[in-house]
Every structure is written in structure tokens, then in C-alpha cells.
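1. Sharing a model that was predicted from the sequence below.
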Amino acid sequence: PIYFCASIYQSRKQIPHSHNSQKRHINPSSTANQTTKPPSCTLSKQEYSKKIDKIITKYSLMVYPDDLEKILTRNIDTLKDYQICKLLGSAAFRAYLRILLYEKYPLKEEGELTQISDYLLKNIQTKIMNSLFDEDLICNLEDDRTNYFYAILGLIIKSGEEYGDENLKLFMDSFIKPIIKDNLGFIKDNKEEEFNKKFEEFGYNADELYIEIKENGKYCDCRIFYQERLIKQENKFAQSYKQAIELAHSFVLEKARQGRVFKDEIKVFDQPKKPEVLSKQRTEELKRFCEDYDLKFSNLRLLNRAFSSRKHQDGTLISHQNSYETLEFIGDSILGYAVRKILIDKFPYYSKGEIEEKYIELVNNRNLSKISTKMQLPDHISRGGYVSKKNSADIFEALIGAIYLNFGMEKVYDFLNKNLNIQQY
């Protein structure tokens, strides 16, 4: 099906782009140079077009050849389209990358995931462009290749129209995801994966284990949770983070072998693994919320997690895996992409700067906090305690993350159009 779709786009390359004619400002004089070679390129026009066709076929790109050529050559007449595609592609790649990391590293905290994401955003795009495109296809070599990569992603989204998100995911999963995974070697998680494997061999669930190591002067403190229950807490546990992790792993594996006592003879590991059980009152509360906002969650525990703070009213902490923090990690980037896409579709004549100006008005912390409060999201926080304006905005982003995981992007667009007041602009 991939190559069939690509061949359809290939066969339509001579068809006038009537579906985009109202969105673009085309200079009639630009057609006079169609027989010449693209600016700054060593290839003739005919040679260049053949290479573009091969690229589209090879990577099953759902784009018109002429559009891809304009992106890669950055003709002055299409500069606005290039900037818009770059803006859209940049937001889409950030969201895709965060979702990928969220799925690959379920045990890592939001801070760790953010560090990995930032590293990849600085280092991966040029490698991707070098692996996908020959140098003679990039006609403005003085520019950062990252910009071209983002612009191509944006072009895939725009060309696909209502299928843009699906086309992008297909392309990313098939060709970009393997490159990203090949560049994750700097993350030293081999020991963690080995530990998880051993831990699960004893019949326990690694996803329900959380080890918290914090530096405290010359020492590191340690707290270990399983199934949201504190099973070990020790100050001055070790003299380095590495040593603390090794000691914690040894402790957990030894107790897993024994299959019994942790602290105060609480037989945590003897208990059968059970999913989080919501009280009847909490279930009814979440169902009412779903009815109010047309969100028929198939997994109410996921929605509950979006409303769960790590910190209880009494000051105790729960595992980050059961709080809204990592949902906020992906929700923030999904929100950034979705709002930009909605604005670009709504205002096709706007420049990149105008789109960004409206975007900032919509997603700044003050506005998100205001909307979160209006929707009474802080009232649904299950752990109690004071909710600041920043936390109110974070809860909204976590909810977006939960909506995406349960429903997909279409529901995210629908929810934002109804609740973010985009239509007023």
C-alpha cells in the first residue's frame, strides 16, 4: 500500500496544484526559469527532477515532486511556504520524538526524558538528512540541513491534508525511527534493562517499581517504591549516584529472590500484581468529567493519572509513573504541534511570525492556567494540596497527553477547538 500510494502521487506530478492554489502567492514570472537548473545546484533541471522522483519513490513520500523541489531549492517565490512547512515540521518532529522516548523509556522521569529529547533535537536531524538525501539535492548548502528536514516533514503533513498526520507517522516509523534508535547508544541503559529482565524473571512487574536517588551533600539518599508502596528508605545510602543505583538493584533483586519481607515485614512481593483500582466515588467523578467534555476514555486509570500529583497533602511522594509528569512531557509537545497546525489551516495566508504570535497568545502558562481553572481541572487532582498557576497549566498539558494516548490526534484537535478558544481568533 505504501508504494501504491507513492505511485499515485508520482503519476500526478504534472497535474496543476489546484488544491493549493488559494494558499500560495505565486509570481507568474517564476515560470520563466523552469528550463534552467535550480539555483546553486550543479545538476540540470532534468537531472534534478529525476533525482526528486527517485527520492519520492524510495521513501514513499506523499508529496508532489514540484513541491519537494521548491522546498529543497528554496526559490524566493516559495520562501513563505518553506518557513511555514519548517515551523509545522519542527513541532511535529518534537512531538514524535517525545512520544517515542515515552514509549521506549517508561521508567525514566520527565527530567531525564527532556535531557534525552534535547540532545537528539540538537544532533539527529543533520544525520537524518545526510542519510536520506544526496548533497547535490540541497541547493543552499550554507543553510543548516535541520531546516530542510523540518520543511520536508511539514510538506508531508500539508500535502496529505486530512491524512497528513497518518502519512507523516508512516514515513517516520518506516525511515526515521530506525535512525533515531541507532543514535540512542549514548543512553547507558543496558544495566537497567538487564536488571528489569532479572526482576521480571521472579514474576514481578518492572513498570511498578520506582527507585528514587537524590544527592544530599557528599551522599545519595534512596527511596524504593513498589506498587506505590514505600519498601525502603535510607539516607546516606551511597557516595555516588552510580553506587546508589547498583546497591538499590542488588537490594531489590535479593528481596525478589526471597519473595517476601521488605520493611516492617510487609510482604510486598508476595502480593499478586493488580492494576490500579479506582474507588467507586473516584470512578463516578471521572465519568462525569468525561461526559462534560465528550471524552469516552476506555482507560479511566490513564485519565486519573493525568489528575494525579506526585505529592500528597501530607508531603509523601508517589512514583512518577503514577503521576501526571510524564503525560505532561508528551502533552506539551503534542499541544505545540496541534495548535500550530490548527492555526496554519485556519490562517493559510499568515506568515510564520504571525502564526507564532497567535500561538504564544494561546499556549502561554497564564492562558492555559486560566482555561484549566475554567474547566475545573485542579479540582480533580486526586492527591490534594495547593495547585499553582504553573501546575494548572501542566495539568492541562497532561490531559492532552492522556487524550492522545487514548484516542489519537483527531480527538486532540477536536478537544482543543472546543476548549482552547481558537475559534475566537
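-> That came through fine. In this text the structure is predicted, and so the values were computed from the model without any measurement.

2. quick one: low-confidence parts of the stretch 151-300 of the chain?
-> Counting by pLDDT under 70, the stretch 151-300 of the chain has low-confidence residues at 185-190, 259-276.

3. can you give me the helices in it?
-> Secondary structure of the stretch 151-300 of the chain (DSSP state H, counting those that start in this stretch): helices at 164-171, 177-182, 190-201, 241-258, 280-292, 300-306.

4. Show me what the third one is packed up against.
-> The helices and strands touching helix 190-201, judged by 3 or more CB pairs under 8 Å, 6 or more residues apart in numbering; DSSP states H and E, are helix 241-258. C-beta here means a position set from N, CA and C on the backbone, and glycine is covered the same way.

5. now the angle between helix 190-201 and the helix it packs on, please.
-> Between helix 241-258 and helix 190-201, the angle comes out at 10 degrees (axes from the mean of the first three to the mean of the last three CA atoms, to 10 degrees).

6. Enumerate the positions of helix 241-258 that are buried.
-> Of the residues in helix 241-258, 244-245, 247-249, 251-252, 255-256 count as buried by neighbour count, 16 or more other CB atoms under 10 Å.

7. between the residues you listed, which is closest to Gln83?
-> Checking the buried residues of helix 241-258 against Gln83 with CB to CB, the nearest one is Ile245 at 45.2 Å.

8. Let me see the contact set for that closest one.
-> If a contact means CB atoms under 8 Å, 6 or more residues apart in numbering, then Ile245 has 191, 211, 213 as its contacts.

9. Throw together a ChimeraX command that grabs the buried residues out of those residues.
-> Entered in ChimeraX, the line below selects the buried ones among the contacts of Ile245, by 16+ other CB under 10 Å:
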select :211,213
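
10. Make a markdown table from the contacts of Ile245 and add distance to Ile371 to it.
-> As requested, the contacts of Ile245 are arranged in a markdown table below (distance: CB to CB, whole Å):
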| residue | distance to Ile371 |
| --- | --- |
| Lys191 | 43 |
| Ile211 | 36 |
| Ile213 | 36 |
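
11. Closest to Phe407 out of the contacts of Ile245?
-> For the contacts of Ile245, the minimum distance to Phe407 (CB to CB) is 32.2 Å, reached by Ile211.

12. that older thread, can you tell which of the helices of the stretch 151-300 of the chain is closest to Glu234?
-> Closest of those to Glu234 is helix 241-258, at 9.2 Å (criterion: CB to CB).

13. Spatially, which residue comes closest to Glu328, not counting chain neighbours?
-> Ala398 (4.3 Å; CB to CB, 6 or more residues apart in numbering).

14. Could you list the buried residues of the helix ranked longest in the chain?
-> If you go by DSSP state H, the chain has its longest helix at helix 79-104. Residues 80-102 are the ones in helix 79-104 that count as buried (16+ other CB under 10 Å).

15. mean confidence for it?
-> What helix 79-104 shows for mean pLDDT is 91.

16. Show me what it is packed up against.
-> In terms of contacts (3+ CB pairs under 8 Å, 6+ apart), helix 79-104 is packed against helix 65-73, helix 110-123, helix 145-160, helix 164-171, helix 177-182, helix 325-346, helix 352-363.
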